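Q: dropping the sequence and predicted coords here.
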Amino acid sequence: MNTKRISAAAAGVLIVMLLPVSIFAGSLFGPPQPVSRPDGGLHTAIGYWRYEDKFKDGGDYVLKQNQLYTHAGYGARDLWEVYGRLGVADMKLENAFSPTDALTSASRSDLNDTWNNFFGTLGGKLFYPYGKIFGVGAFLQGTYFFNYFSDGVSGIRAGGPYTAGLKIKNMWDLNFGIGGQMAVADTKFYLGPYFHHAEAEASPSPAAPGLQFAGDTTIKNKSAVGVFAGIEAPIGKGFRFNIESQYSERLSIGAAVTFTY
């Protein structure tokens, strides 16, 4: 590795690390080895991510999302890469409206919101190859949702009717991981551990005693550690296909198609 390339790698990762944590975003991590050309270049992608995880405050909730996004990145294939994404997502938060006592009933138990929340992603990678087959890399990646998710519920409380709404806002996550990679016939197989923090503000309006969220609170992911694994392979004329799964309390899975310029 020459000095100029090492300096460029350090500068790229430093830029990513200096950006405010609140604007990071997530989805596929991708292979440890950047997909840009060896001499540096641009790549773009479209992807889908099915995200599931357990969140907690006083209780436990399963959060599910479908995410669609576009991606653009720049880097040198065998050393470093920085990238950004823009996407849209829905949300299901299970048991968000579940009653907490026998005096309360609810018309539904889950919060459901459709595709009306946009998110942004920034991330960066460093990679070190051990010959042509093996390599190891590290990444930093996160997500911020620009709008909020919301839903409403009605029911009976102590013999009288009520209605209540719930907003999930200021949702973000941050991920750091280390992955090992094996390349066979230009197909990359990779896996590794990652550390994960996600949180959001839950705000009922109006607050309804007898439901899970009786006041403003912050929900956070239940487990900070997970594992990821994936395969990335060429599909012809500059295009590559990536499929990946992640597990931390719940299984998430997705895929992306990348084009390298």
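A: Thanks, I have it.

Q: all helices of the protein, in order?
A: In the chain, the helices defined using DSSP state H lie at 3-18.

Q: how far away from the center of its chain is the lengthiest strand in it?
A: Longest strand of the chain, by residue count under DSSP state E: strand 160-184. Remark: strand 160-184 is offset 6 Å from the chain centroid, using C-alpha atoms, centre = their mean, to the nearest Å.

Q: direction included, what does that strand pair against?
A: The pairing partners recorded for strand 160-184 under DSSP bridges are strand 134-145 (antiparallel), strand 149-157 (antiparallel), strand 187-205 (antiparallel).

Q: and those, which is most packed in?
A: Ranked by mean neighbour count, these are led by strand 134-145 with a mean of 21 (mean count of other C-beta atoms under 10 Å). Where you see a C-beta, it was placed from the backbone N, CA and C, and this is true even at glycine.

Q: go ahead and confirm residue 252 touches residue 62.
A: No. Contact criterion C-beta atoms under 8 Å: residue 252 and residue 62 do not qualify, at 11.9 Å.

Q: give me the common contacts of those two.
A: Common neighbours of residue 252 and residue 62 (criterion: C-beta atoms under 8 Å, 6 or more residues apart in numbering): 52, 53.

Q: the two: which is more packed in?
A: Set side by side, residue 252 and residue 62 show more neighbours around residue 252, with 23 against 17, by other C-beta atoms under 10 Å.

Q: which residues does that one contact?
A: Going by C-beta under 8 Å, 6+ apart, residue 252 touches 49, 50, 51, 52, 53, 245, 246.

Q: what's the answer for residue 49, then?
A: Residue 49 neighbours (C-beta under 8 Å, 6+ apart): 27, 28, 65, 66, 67, 69, 252, 253, 254.

Q: distance of residue 43 from residue 136?
A: Residue 43 is 21 Å from residue 136, where distance means C-beta to C-beta, to the nearest Å.

Q: for residue 73, give the beta-bridge partners.
A: Beta-bridge partners recorded for residue 73 (DSSP bridges): residue 43, residue 83.

Q: surely it meets residue 80?
A: No. The pair residue 73 / residue 80 is not scored as a contact, 10.5 Å apart, by C-beta under 8 Å.

Q: off-centre distance for stretch 220-234?
A: Relative to its parent chain, stretch 220-234 has a centroid offset of 9 Å by C-alpha atoms, centre = their mean.
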